[in-house]
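*Asks:* Could you work out the structure for the sequence below:
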Amino acid sequence: MALEKITMPQLGESVTEGTISQWLVAPGDHVNKYDALAEVLTDKVTAEIPSSFTGTVKELIAGEDETLEVGAVICILETEGADEQPAESAKEEAPTPEASAPERPKKAPAKQNAPAGRFSPAVLTLAAEHNIDLGQVTGSGRDGRITRKDVLAYVKNGAPVVAAPSKTAEPASSAPQKAAPMPTSQVGDRETPIDGIRKAIAKHMVTSKHEIPHAWMMVEADATGLVRYRDGLKNKFKAEEGYALTYFAFFVKAVAQALKEFPILNSTWAGDKIIERADINISIAVATDDHLFVPVIKHADEKSIKGIAREINELAAKARAGKLTQDDMSGGTFTVNSTGSFGSVQSMGIINHPQAAILQVESIVKRPVVIDDMIAIRNMVNLCLSIDHRILDGLVAGRFLQKVKENVETITKENTPIY
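*Replies:* Numbering: from 1, shown residues only. Just a heads-up that it's a prediction; the model follows:
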């Protein structure tokens, strides 16, 4: 018999960690190769971790709701093969989540008087930030393990903090800022627990705003020709194809065409270089009742408007059914968001890190417009662009927006094939 380590896989480009949302096996269970071991939450999507071996689950190293770096050991399997390793030596060789994670600076050391056991990096960091004695925290995880939820609940309930070790007095200007206290509920307030998907969305948005210097600009486009063309086709198209021909499909195509002419918008910041992506993969935002997902239309510039409409329909259906895969969510190079679908006329999107820009397509509304010194009623739409100012300046961003505007305004039955 041999002991094999199962590690946290890299479930997508730029993904550096994952959270075990649910174990699907328990110690003693027999599993076959490729059987699902656990559900892991990455950025905005839940995926299953398959077993790399056939054998018996020896030990679950990571707990549920625990976040681990890519490559960290999450469980041990006992398989048929070489001579069996002693259990203790296997544990010594298998790095714990703490050992696999990089050293993190702490605001102040926290006393660890909790019962013997491992603590996740997230638990240790939270305890250090709030000077929490983990010996005073009751764990709700497997075998009484302390999770982030336990520490946050302890802080929220007004937990006493452990005084930080004294040190040489420093000037007031250099003293570290004390963390703001957690808000507390009042009588009549309603609390909604933060689930894993919402946590991932929050983390991704914070990363984007912290790392990317955002700039914003907007143009308005005359979509009258688009509206007339689409409205004249929609009923026949739906009857023949079985799904809707939306305005959004036309906008995605217009953006994809513009990206071919302005590839710098289809790029990402990589520290000492800028990477222009060869593929044009458009991320689209799909909202459910309580979550936002961002699946990807791959090679959008090579697809017809019909093909784009079909993918929008399929991806939206999978999102609402909770069936999006990691492949559905990965590889995006530019984001187009249909904020107009819920009535917005002007908005500033947060860039989908590590992309360079996001375009918000607002509501199409009838407005009086001056044409040849006469007032006409036209279907107008605002196109709002947020850019990474490290990569893009106003000049190129403005030219790109003008190209998208031109593409939208020239959509007609005569020059815009659907198929």
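*Asks:* all strands for the stretch 301-419 of the chain, in order.
*Replies:* 334-337, 357-361, 365-371, 374-388 (DSSP state E, counting those that start in this stretch).
*Asks:* Show me where the stretch 101-250 of the chain has its helices.
*Replies:* With DSSP state H, counting those that start in this stretch applied, the stretch 101-250 of the chain shows helices at 121-129, 148-156, 196-211, 224-241, 247-261, listed in chain order.
*Asks:* Which of these sits closest to I297?
*Replies:* In terms of Cβ to Cβ, the element of the helices of the stretch 101-250 of the chain nearest to I297 is helix 247-261, at 6.6 Å. No exception for glycine: its C-beta is placed from N, CA and C like everyone else's.
*Asks:* C-alpha coordinates for the closest one, CSV please?
*Replies:* Output of helix 247-261 as CSV, limited to C-alpha atoms (Å, rounded to 0.1, in the frame of the first residue of the first chain):
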residue,chain,number,x,y,z
TYR,A,247,-29.9,43.5,-28.9
PHE,A,248,-27.0,42.4,-26.8
ALA,A,249,-25.8,39.9,-29.4
PHE,A,250,-25.3,42.7,-31.9
PHE,A,251,-23.4,44.8,-29.3
VAL,A,252,-21.0,41.9,-28.5
LYS,A,253,-20.3,41.5,-32.2
ALA,A,254,-19.7,45.2,-32.6
VAL,A,255,-17.2,45.2,-29.7
ALA,A,256,-15.4,42.0,-31.0
GLN,A,257,-14.9,43.7,-34.4
ALA,A,258,-13.6,46.8,-32.8
LEU,A,259,-11.1,44.8,-30.7
LYS,A,260,-9.6,43.4,-33.9
GLU,A,261,-8.7,47.0,-34.9
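*Asks:* tilt between it and strand 374-388?
*Replies:* 60 degrees (axes from the mean of the first three to the mean of the last three Cα atoms, to 10 degrees).
*Asks:* Identify each buried residue in helix 247-261, please.
*Replies:* 247-259 (16 or more other Cβ atoms under 10 Å).
*Asks:* cool, stretch 202-210 as well?
*Replies:* 204, 208.
*Asks:* Which residues are in contact with Q360?
*Replies:* 337, 339, 344, 347-349, 383-386 (Cβ atoms under 8 Å, 6 or more residues apart in numbering).
*Asks:* Buried ones among the residues you listed?
*Replies:* Buried among those by 16+ other Cβ under 10 Å: 337, 339, 344, 347, 349, 383-386.
*Asks:* What strand or helix carries the nearest residue to A62 once chain neighbours are set aside?
*Replies:* Closest residue to A62 apart from its sequence neighbours, by Cβ to Cβ, 6 or more residues apart in numbering: I74 at 4.4 Å. Per DSSP states H and E: I74 is located in strand 73-79.
*Asks:* Quick check: pLDDT value at I274.
*Replies:* Listed pLDDT for I274 reads 94.
*Asks:* what about it, how many neighbours?
*Replies:* Using other Cβ atoms under 10 Å, I274 has 15 other residues around it.
*Asks:* Begin at 163 from now on, thanks
*Replies:* Understood, numbering begins at 163; the last thing we discussed is I436.
*Asks:* In contact with it, which residues are there?
*Replies:* 426, 429-430, 553.
*Asks:* and if we set it to 6 Å?
*Replies:* 429, 553 (Cβ atoms under 6 Å, 6 or more residues apart in numbering).
*Asks:* Backbone dihedrals for it, please?
*Replies:* With angles defined as degrees, to the nearest 10, I436 sits at phi -110, psi 130.
*Asks:* Enumerate every residue touching F410.
*Replies:* S500.
*Asks:* re the thing from before, now, among the buried ones among the contacts of Q522, which is nearest to Y316?
*Replies:* Of the buried ones among the contacts of Q522, the one sitting nearest to Y316 (Cβ to Cβ) turns out to be G511, at 36.2 Å.
*Asks:* Skipping adjacent residues, who's closest to the closest one in space?
*Replies:* Nearest to G511 is I520, by Cβ to Cβ, 6+ apart, at 4.1 Å.
*Asks:* Would you mind measuring from that neighbour to R472?
*Replies:* 23 Å (Cβ to Cβ, to the nearest Å).
*Asks:* With Q419 instead?
*Replies:* Taking Cβ to Cβ, one finds Q419 at 18 Å from R472.
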